[in-house]
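1. Compute the structure for the input listed below.
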Amino acid sequence: MITNKLPTALNVDFLLKVANEQFTIDSILDELNPPMHFDTSEFVNYFPEPEYPSQLQAVQTAKGFISSLETEHLPLSRFHTWFRTTKKATGKGLYFDGGFGVGKTHILASSFHAFHGPKAYLSFQELMFLVGLESLDDLAKIFKKLQLLVIDEFELDDPANTRISTNLLGQLFDAGVSILTSSNTPPGSLGEGKFSTSDFKREMGVLFRRFKIVRIDGEDYRVAHFPHENHPSLWMKDETELAELLDSLPPAKGKILEAFFDEFLQGLAQVHPMRIRRAIGAFETIVLREVKQITHPHEALRFVYFVDKAYDNNIKLLVTSIVPIDQIFHHSYFTGGDTKKYLRTISRLREMTQSLGQV
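-> Next up is the predicted model:
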């Protein structure tokens, strides 16, 4: 125990206990909504930067996309059903391409909130996780009941994911499901740094002809609006700093997870990521002690997913580490296909450890 300010701290064993609780695919599907961090996101509270007109254009395009879907799915009168075509309309696609921190997730969440039909929201990584839990055909059957599927952070890690995504999304388009997605990478560059084959380009070309591509320019909002020199940092060098910080704050209210970094990474490796997604939500604060530079690629990707879910759930993160945030990943990771993913994680870590509130 670090200090008596953490009398209710729980360990990794509790995290694993929660993660291993029985759940059904239906219970997961019921939770496919925008992250808590974007609960209040609407088109009206997205504020485009004047120097980047593409941001305003992106919001207007998203509004039009949702408005057209709402119109298409209005109940038909008895008169109009007499003339209704027997061929179901194919779904529409809208793809936002832009760097991290320019508001893509805000726009996706706003679009989801504005649409009133059957819908689901998840990350591309979680979409692949669900295919692993079920099967491609079973998941397609479930998602064909939707009118809108929102996929944040579209990415392709290998040829297998390429085949899965083209098959699944193709089935959904043909079934009349419209798809709204975003990525840090334009469609023509997906997969760069990992693999490049003529089949990949051919398959992705067929899929992405079904999307309207919209570019969003801008700087990382988290860097521009969270100047770390003006905020106390929750990324601390040692436990003395952590104890001093905790002594200056009111006692904790919600559940706290406290763990050494090595055991925490081992815990992440023991259960399916979708279970970690559910388990992380049980905590209000997570304290990671003696955080080291991550040198194993599998550990790095699991940590990326953890940070995404902690960020999504507005979880307070307190860290002790002699490693600066921008060196948490080994330098060799910034030359491959996951570079933007690691940079996004560093950006989110900076924001998460610059805001002080009740612990």
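
2. Okay, now the unreliable bits of this structure?
-> Low-confidence segments of the chain, defined by pLDDT under 70: 1-8, 76-88, 156-159, 185-204, 221-232, 252, 337, 355-359.

3. so how far is the top helix by length along it from its chain's centroid?
-> When every helix of the chain is counted residue by residue (DSSP state H), the longest turns out to be helix 53-72. Taking CA atoms, centre = their mean, to the nearest Å, one finds the center of helix 53-72 at 21 Å from the center of the full chain.

4. what sits up against it?
-> 43, 46, 48-49, 89, 92, 94, 96, 98, 102-103, 107-108, 110-111, 114-117, 147-148, 178, 180, 212, 214-218 (CB atoms under 8 Å, 6 or more residues apart in numbering). Placement of C-beta: from N, CA and C, glycine included.

5. mind listing what's buried in it?
-> Of the residues in helix 53-72, those scored as buried under the neighbour-count criterion (16 or more other CB atoms under 10 Å) are 54, 55, 58, 59, 61, 62, 65, 66, 69.

6. Now render the residues you listed as TSV, adding distance to residue 331.
-> Shown next, in TSV, are the buried residues of helix 53-72 (distance: CB to CB, whole Å):
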residue	distance to residue 331
54	32
55	32
58	33
59	37
61	38
62	37
65	40
66	42
69	44
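
7. got the contact list for the most centrally placed residue in the chain?
-> The geometric centre of the chain, computed from its C-alpha atoms, lies nearest to residue 123 (CA atoms, centre = their mean), at 4.9 Å. Contacts for residue 123 were tallied using CB under 8 Å, 6+ apart; they are 151, 152, 153, 308.

8. Equivalent analysis for residue 279, please.
-> Counting by CB under 8 Å, 6+ apart, residue 279 makes contact with 15, 16, 18, 19, 271.

9. which residue sits closest to the second one in space, ignoring its chain neighbours?
-> Distance criterion CB to CB, 6 or more residues apart in numbering; nearest residue to residue 16, sequence neighbours excluded, is residue 267 at 5.7 Å.

10. From residue 138, how far out is that neighbour?
-> For residue 267, the distance to residue 138 (CB to CB, to the nearest Å) stands at 29 Å.

11. where along the stretch 101-250 of the chain do the strands fall?
-> Under the criterion DSSP state E, counting those that start in this stretch, strands of the stretch 101-250 of the chain are mapped to 119-123, 148-152, 178-183, 211-216, 235-236.

12. which secondary structure elements does the last one contact?
-> So that's strand 235-236. Contacting strand 235-236 under the criterion 3 or more CB pairs under 8 Å, 6 or more residues apart in numbering; DSSP states H and E are the following elements: strand 316-320.

13. what angle do the helix or strand just after the strand it packs on and strand 178-183 make?
-> Beyond strand 316-320 in the direction of the C-terminus, DSSP states H and E gives the next helix or strand as helix 339-352. Helix 339-352 runs at 80 degrees relative to strand 178-183, counting by axes from the mean of the first three to the mean of the last three CA atoms, to 10 degrees.
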